[in-house]
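**Student:** can't give you the sequence, but here's the structure:
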């Protein structure tokens, strides 16, 4: 009899500690963004499966695998670089990379990634991955190039739709400082 009471107490405790599956949890808000329409929208945790797509994309760039890059790009791919250049269309992107890869050996190393999602002006949830990447290359004179890059990458249906690139040169200690 004592074992039955113990069993009843254990079962009751287990059932009282479980959450109901009918509860709907709100997305976790991790920040905010001001959209082009001027409205501030919440950013929530995004789809972390996009991290692997980004890792595959960077690997394809490091290996100069234009077919793989084109496979991951959406047809309407857009790229916005740190110097203000804009490239639209996957085919244009691949052509530019082909020319660049012929004369250079750029390499990236992914350091961190943050998956986030937010509502656009049309009310659709967009999936983004903000990534920190070290960029290496060698210039025409043989000097090593190093930059810190942040890529803000938009995904749709497993494809990369847009990349915004922000860049900072390697730090140099200086008594002067400017923004």
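**Tutor:** Perfect, thanks for sending it. A quick note: this is a predicted structure, and the numbers were derived from the prediction, not measured.

**Student:** What is the burial count for the closest residue to residue 82 other than its chain neighbours?
**Tutor:** In this structure, residue 82 finds its nearest non-sequential neighbour in residue 167, 3.8 Å apart by CB to CB, 6 or more residues apart in numbering. Yep, even glycine has a C-beta here, placed from its N, CA and C like the rest. Per other CB atoms under 10 Å, the neighbour tally for residue 167 reads 14.

**Student:** can you pull the contacts of residue 167?
**Tutor:** 82, 135, 147, 148, 149, 150 (CB atoms under 8 Å, 6 or more residues apart in numbering).

**Student:** just residue 125 next, same as before
**Tutor:** 117, 118, 119.

**Student:** Include secondary structure and pLDDT when you put those into a markdown table, please.
**Tutor:** Below are the contacts of residue 125 laid out as a markdown table (DSSP: H, G, I helix; E, B strand; the rest coil; pLDDT from 0 to 100):
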| residue | secondary structure | pLDDT |
| --- | --- | --- |
| 117 | strand | 97 |
| 118 | strand | 93 |
| 119 | strand | 90 |
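
**Student:** Quick check: residue 61 is in a helix.
**Tutor:** Yes - counting by DSSP: H, G, I helix; E, B strand; the rest coil, residue 61 falls inside a helix.

**Student:** Model confidence for it, exactly?
**Tutor:** According to the predicted model, the pLDDT of residue 61 comes to 98.

**Student:** ditto for the one 3 residues further on
**Tutor:** In this model, residue 64 is scored at 98, pLDDT.

**Student:** Not counting sequence-adjacent ones, nearest residue to it?
**Tutor:** Leaving aside its sequence neighbours, residue 64 sits nearest to residue 101 (CB to CB, 6+ apart; 4.6 Å).

**Student:** Could you tell me the phi and psi values at the one you found?
**Tutor:** Reported as degrees, to the nearest 10, the phi and psi values for residue 101 are phi -60, psi -30.
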